[in-house]
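J.: please work out how this folds:
(3 chains)
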Amino acid sequence: MKNLIYSIFIITFISSCDIIEEPYLNNNAGGVDTSSNQYVKNILIEDFTGHLCQNCPDAARELEAIHDVYGAQIIGLAIHVGNTFARPYPLSEAKFTYDFRSKWGEELDNFFNITDAGLPKGMINRIGHPNDHRKDKGQWLASVGDELNKEVIFGINISSTLSSDNAEITINTDALKNITGTYKLVVCLTENDIVNWQKDGAVEDENYIHNHVLRSVISSTWGDEITPNSDINNGDSFEHTYSINLSDLENFNIDHSSDVLFLGNGQAGDWNINNFGVVAYIYDIDNYEILQAEQISLSSN
Amino acid sequence: MKKILITVLALIINISLIYSQERNLPNIEVKTLDGNSFNIQELENDNNPIVISFWATWCKPCKKELNNIAEVYEEWQEETGVKIIAISIDDTRSMSKVAPYVNSSDWEYDVYLDSNSDLKRAMGVSTVPHTFLLNGKGNIVWDHRGYIDGDEDELYEKIEELGK
Amino acid sequence: MKKIIKILSLLLCVHSLNGQNIGEIHGDFNLNMQSYLEDASINAVAADEVIRNNSYLNILFTRNNFTAGVRYESYLNALLDYDDDFKGNGIPYRFATYSTSGLEITAGNFYEQFGSGLIFRSYEEKGLGIDNAMDGIRLKYKIGNGINLKTFIGKSRTYFTYADGIFRGIDGEIDLNQTFNLESKTKYIFGGSFVSRYQQRSNPLFELPQNVGLYAGRLNLINGGWNYFGEYAYKINDPLNSIQQENVNYASGSAFTSSLTYSRKGFGITAEIHRADNMLLLSDRDRIGKSYILNYIPTLSKPHAYSLLALYPCATQAMGELGVQLDVFYKIKKGTILGGRYGTKLNFNISRINGLKGGNSMLNDQINFTPELISFSEELYYSDINLEINKKLNKRVKYNLVFANQTYNKDFLEGKTPGEYGVINSTIGVLDISYKIKKGHSIRMELQSLMAKQLETASKKEEGDWLMGLAEYTISPNWFFAVQDMYNYGNEDASKKLHYINLNIGFIKGANRFEIGYGKKREGIFCVGGVCKLVPSSNGLNFNITSSF
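T.: Purely as a prediction, here's the structure:
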C-alpha cells in the first residue's frame, strides 16, 4: 500500500514539469486569418509610461514586439502620467525637461488609478475593470490573445483632411451585430518619432524615440455617444466629424503644463504634425471595455 | 421570525457554553533544538505551573524579558516549581542563531522552534513577546502581551496565586 | 426552512447538554488606524479619507482533533503603505483541519514552507502587507519511524483574489536515527521536496513550459553542540511570456544555503553561506511585485531592531547574489574584570553580500551560461560588521551598546539608475540604557548616531548624517510613554534637515494592548526577514488595538 502511494506521488509530480529544449520557436506563429472579413478585431494597448521610468522602455518594446507579430490589429497609445515618473526636470537642467503629460492622460490616470500601482502598466482594451484592468507587461501578450478571439461588433473608418494647421476628421462607424447598450466614441491625436530623453534601465538615453504619444483627445475624454438610441441594429452606420486647429491644441497643452500640472514647465510644444496619427475607439460605458479601435496617419489622407 | 430568534438564542447559549470551557494548548508540533518533533500538548511539569513565552532572536523586549527572568529563575523554581518554555518564532533567516544565543546566554529554559509560525497562529499571538501561564492541569489561565521592565513581577504574582 | 432551523437548534442543544468537551473558541483582533495630514516638507500627502484603517479578526474553533478557523479582514481604505488592491472587507482566510492516526488533512487556506523556503514558502507578514496563503488541500502524514510526508495542491492568495498559477508540492523528511534505530550520537535528517506550477500560456512565437518544476534536497546533521544544515534547490526553465527575444530566456535557476553552528555554555558561533541564481518563483508568471513571490531566500544579514541600524536594510536578490555571514556570541563570566557582577554578553556579527560573477543566468542571452560558483570580487550589494555589548551594571542600570559599519548599495538595492544615489557607507553607534527607578517604574533612553559617507559619486543630494534620541517611561504592568526624535542634520539639501518626532502612549492589560501615537515618518524601506516594502512619508495620528481571547 505504502509503495503504491509513493509511486502515485512520484508519477504525478515528476511528470508535471516541462523542460523545453531547443528550438524554442513555436510552429503556429502569426496572427489570426483575417482575409475573409471586411473588419477585423483591433486591440488598443494603452501603455502608461514616463520618461523617468527606467523599466518603461521595456514595456514599450513589448508593445512593438506584439505589433510586429499581429500587425495593424495592435494599436498603441503611450500615455505619460504621474508626478514621479513623468514630471519634467526644471528648465535649468540639461535633460528630461520635456513635459509629455497632458490633461487627458491625467484624467485617465485618476480614473483608472494607474500610477498608484506603479509604472509601467498597461490596459488591453480596458478589460478587467475595475479590479484587474492594470496589467503588468508580462500579462499583455496573454490578454491580447484573449481579445483577438472575440467577435467584431463595430467597424471604424477614419478619414481626415489637413490644410496648414486645420484638420477635419470624420469617423464612420458600422454596426456588425444587433446590440443594446450605450457606446461611446473617443478620438485622439498621437505623435510618433519624438526624439527626446528617456531613462532606459541603467542608461539615460538622449536619443530615445517616443512613439504614439498621446497629445490630445479631440472628442471629450470619455467620448461621444455613437447614437442616442440604445438599440443598435446590424448594418446601422453613424458618422461623426471633428474640426480642429492644431496650434490651438498645442497651445492648450503648453498652458496646461505651465499652469496646472505638478512642476509643469510649459515644455509641451514643438509638435511635428507630419508625424501625427488619429486613433479612434469605441467602448461600452457599462464596463469600459473597448470593442473596436482604428488608426490612420493624420497627414496622408 | 420567532423560530429564528430561538435559533439565535440557542446559538448564543452554545457559544457561551463553549467559551466557558477551559482553554487548552492546541495540537501543534514544534521542533526541539536537536531536531526532534514535539507536540506542544505533551508539555508537562508534575502538576506545577508552566509559562510559555513567545520570542525571537531579533526581538529586544523578548530577550529582555527572558534574560530578566533567567536571573530569578532558580528562585522561582524553588518556590513554585514553575517551568518556563521559550518558543522561538525565528524563521529560517535567523533560526540558526537560536541555539548559539540560548546557550551563550545560559538560559535554563526548554526552547522550541516554531519556524512556520503554526503554534503562533494557533495561539492567537500577533506580536512578540507574548506570555502564557498554564496551571498544573495544563489550562491557560492568564496571558500577557508585550514586555516592559518589571512585568516579570506581575507574572510571578500570578504564578504564586496558582500555588495557593 | 423552518424544519431545518428546528433540527439545527435541537442538534446544537443536544450537543451542548451532552458533552463536557464541546470544543473551544479563541481568537485575536487587531485594529490599525492612521490619519494622514499633508506635510510638504517631507512630501507627505493627505489622504482623501483623512483616516485609513486595516483591521483583522481571527477566530479559531477547536474540538479534539478538529480545528476550523476564519479571518475577517477590513481595509477601509488600506493604510497608505499597503498596496491599494487591499480594498474593502472580506473573509479571505478560512480553513478546516483534522488529524487521525498520523494523517492530518487541511481544506481551505494554509501556510506552508518546504525546507528553508528556497522553493516554496507561503506565509503572512502583516507588517509588509504580504499574505500569500494557499487555498486548496494539504495532507501531512507521519508514517512513523521518523518518516514524514507533506503534500498539497492549491492556489496562492494575492489581495482578495488568487493568483493564476496552480501549485502542487510534496515534501518528505526522514530521520535516519529513528528509521534505522541508529545508536549513533550524530543525528541525520534528510529531506527532499518538489513543487510544480501549472499556468496555461500560449505564445505566438515561443514554446513555453506550462508546468514549471522546482526541486530541493536538504541535510541536517546534529551532534552535541554542533549543527550543520545544507539545502540545494533547482528550478527548471521559466521564461517570461513575451515576444521580445531577449526577454524569453530559458535559463534554469539554482540556490544553495549552508550553515554550521557550534555552541556550548557561554559561547556560540554560526557561519553561513548562500548563493541564489535566477531563483524567483512567482505565483503568476506574468506578474511582478512582492505579492506574487512564493519562495524565500533567507537574507544573510542580522535583522536589526534599532532604527538607525535598520535605516539601510538588506534585501535578498533572488535573481543573483552570494552572501556570507558569521555570528559569534560570547558571555564574559561573572566576577571577572570585564564581566563584572552579572557577566557581559557580546555578539559579533559580520555579513557581506555581492553579485554573481558574470551576472546571473537570466541577464545573459546564452542559455548555457552559468555564473561562477563562488566569487567575492563582484559588485558589493551590502555589508555589515557590528558588535553588540549587553551589560547589567547593578540592580538598577542595564545598557546595550552597538557599533556598526554598514555599506549599502542604494542604486542597486533600490533599483535606481547607477550613479544616482551611489553606495552609502555608514558608521553607527547606539547606546540603549535603562534605569529602574522603583518597583514597576523604569526609564529607558536610546541615543543613536549615524555618520554616512558616499563611496561613489552620486548625482542626487546625499541624505548624510542622522541623530536619534528616545526616552521611554514605563509603569509595569500597564503603561508606557515614549518620545523620540530622528534628526537628519547632515542632509545636503538644507530644506530637508528635518526632525521626525514621534510620541506614543500605550496601555496594556493582560492580552489587550492599546496604543496611540502621533508623528512624522520618513519615507523609507521597511523589511521583515529580508523582504522589503517602501513606506511613504506620513504625518498624522495613529491608533492601534491588539487583543486576544
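J.: how about the closest residue to chain B within the stretch 101-250 of chain A: what's its closest non-neighbour residue?
T.: Closest approach between the stretch 101-250 of chain A and chain B, counting by Cβ to the nearest Cβ: A:G118, at 26.4 Å. All C-beta atoms are positioned from the backbone trio N, CA, C, and that covers glycine. Closest residue in space to A:G118, ignoring its immediate chain neighbours: C:G289 at 7.8 Å, by Cβ to Cβ, 6 or more residues apart in numbering or on different chains.
J.: low-confidence stretches in the chain?
T.: Picking chain A for this. A:1-16, A:27-37, A:300-301 (pLDDT under 70).
J.: that's the wrong chain, I meant chain B
T.: Judged by pLDDT under 70, the stretches of chain B that qualify are B:1-21, B:164.
J.: do you know how far the residue of it found nearest chain C is from C:P204?
T.: Evaluated by Cβ to the nearest Cβ, chain B has B:P100 as its residue closest to chain C, separated by 2.3 Å. Applying Cβ to Cβ, to the nearest Å, the value for B:P100 to C:P204 is 55 Å.
J.: what of A:T221?
T.: 33 Å.
J.: of those two, which one has the most company?
T.: C:P204 (18 against 14; other Cβ atoms under 10 Å in any protein chain shown).
J.: the more buried one reaches A:N26, doesn't it?
T.: Yes: applying Cβ atoms under 8 Å, one finds C:P204 in contact with A:N26, separated by 6.7 Å.
J.: returning to what we had before: against which helices or strands is the host helix or strand of the residue of chain B closest to chain C packed?
T.: B:P100 belongs to helix B:98-104 when elements are defined using DSSP states H and E. Packing partners of helix B:98-104 (3 or more Cβ pairs under 8 Å, 6 or more residues apart in numbering or on different chains; DSSP states H and E): strand B:110-113, strand C:253-264, strand C:267-277, strand C:320-332.
J.: identify all contacting residues around it.
T.: Identification of contacts with helix B:98-104 by Cβ atoms under 8 Å, 6 or more residues apart in numbering or on different chains yields B:33, B:57, B:86, B:88, B:90, B:109, B:111, B:113, C:225, C:227, C:261-270, C:327, C:329-331, C:345, C:347.
J.: from these, which are also near chain A?
T.: Subset of those in contact with chain A: empty, counting by Cβ under 8 Å from any Cβ of the partner chain.
J.: quick one, which of those are buried?
T.: B:33, B:57, B:86, B:88, B:90, B:109, B:111, B:113, C:225, C:227, C:261-263, C:266, C:268-270, C:327, C:329, C:331, C:345, C:347 (16 or more other Cβ atoms under 10 Å in any protein chain shown).
J.: quick one: terminal-to-terminal distance for stretch B:88-105?
T.: 15 Å (Cα to Cα, to the nearest Å).
J.: which parts of that stretch are buried?
T.: In stretch B:88-105, counting by 16+ other Cβ under 10 Å, buried: B:88-105.
J.: also stretch B:145-164?
T.: In stretch B:145-164, counting by 16+ other Cβ under 10 Å, buried: B:145-152, B:154-156, B:158-159, B:162.
J.: how about the helices in chain B?
T.: Assigned by DSSP state H, the helices in chain B fall at B:2-19, B:60-80, B:98-104, B:118-122, B:151-163.
J.: ok, and the closest non-adjacent residue to A:D205?
T.: Spatial nearest neighbour of A:D205, excluding adjacent residues (Cβ to Cβ, 6+ apart): A:Q198 at 5.2 Å.
J.: spatially central residue for chain A, please.
T.: A:E46 (2.5 Å; Cα atoms, centre = their mean).
J.: lowest-pLDDT helix or strand in chain C?
T.: Ranking every helix and strand in chain C by mean pLDDT, DSSP states H and E puts helix C:2-18 at the bottom, with a mean of 48.
J.: neighbours of the one residue in the stretch 301-450 of chain C that gets nearest to chain A, how many?
T.: Ranked by Cβ to the nearest Cβ, the top residue of the stretch 301-450 of chain C for proximity to chain A is C:P418, at 5.1 Å. Using other Cβ under 10 Å, C:P418 is surrounded by 16 other residues.
J.: next up, the contacts around it.
T.: Here C:P418 is in contact with A:A202, C:D411, C:F412 (criterion: Cβ under 8 Å, 6+ apart).
J.: surely the second one forms part of a helix?
T.: Yes: for C:D411, which was evaluated using DSSP: H, G, I helix; E, B strand; the rest coil, the result is membership in a helix.
J.: ok, it to chain B distance?
T.: In this view, C:D411 and chain B are 24 Å apart by Cβ to the nearest Cβ, to the nearest Å.
J.: how far away is that residue from C:I428?
T.: 21 Å.
J.: more neighbours, those two?
T.: Neighbour totals were compared for C:D411 and C:I428, and C:I428 leads with 25 against 21 (other Cβ under 10 Å).
J.: and residue 94, which helix or strand is it part of?
T.: Let's take chain A. Element membership for A:A94 (DSSP H and E) is empty, with no helix or strand holding it.
J.: think we crossed wires, I meant chain C
T.: Going by DSSP H and E, C:R94 is part of strand C:88-100.
J.: cool, A:N172 as well?
T.: Counting by DSSP H and E, A:N172 is part of strand A:166-175.
J.: convert the C-alpha atoms of that strand to CSV, please.
T.: In CSV, the C-alpha atoms belonging to strand A:166-175 read as follows (Å, rounded to 0.1, in the frame of the first residue of the first chain):
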residue,chain,number,x,y,z
ASN,A,166,-6.6,73.0,-39.6
ALA,A,167,-7.9,69.5,-39.8
GLU,A,168,-11.3,67.9,-40.3
ILE,A,169,-11.6,64.3,-39.1
THR,A,170,-14.5,62.1,-40.0
ILE,A,171,-15.3,58.8,-38.2
ASN,A,172,-17.7,56.3,-39.8
THR,A,173,-18.9,53.6,-37.6
ASP,A,174,-20.6,50.4,-38.9
ALA,A,175,-22.6,48.2,-36.5
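J.: my read: C:K155 touches C:N132, true?
T.: No: using Cβ under 8 Å, C:K155 is not in contact with C:N132; the gap is 10.0 Å.
J.: so what sits against both of the two?
T.: C:S283.
J.: determine how far stretch C:186-204 lies from the middle of the whole chain.
T.: Relative to the chain's own centre, stretch C:186-204 is displaced by 22 Å; criterion: Cα atoms, centre = their mean, to the nearest Å.
J.: do it and chain A come into contact?
T.: Yes: judged by Cβ under 8 Å from any Cβ, stretch C:186-204 comes into contact with chain A through C:F194, C:S196, C:Y198, C:R201, C:S202, C:N203, C:P204.
J.: that stretch close to chain B?
T.: Yes: counting by Cβ under 8 Å from any Cβ, chain B is contacted by stretch C:186-204 at C:K187, C:I189.
J.: can you point out the buried residues in that stretch?
T.: C:187-189, C:191-199, C:201, C:203-204.
J.: identify the farthest-apart pair in those residues.
T.: Largest separation among the buried residues of stretch C:186-204 by Cβ to Cβ: C:K187 and C:P204, giving 54.1 Å.
J.: follow-up on the earlier one: reformat the residues of stretch C:186-204 next to chain A as a markdown table; add secondary structure and pLDDT.
T.: Output for the residues of stretch C:186-204 next to chain A, formatted as a markdown table (DSSP: H, G, I helix; E, B strand; the rest coil; pLDDT from 0 to 100):
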| residue | secondary structure | pLDDT |
| --- | --- | --- |
| C:F194 | strand | 96 |
| C:S196 | strand | 95 |
| C:Y198 | strand | 95 |
| C:R201 | coil | 84 |
| C:S202 | coil | 82 |
| C:N203 | coil | 85 |
| C:P204 | coil | 85 |
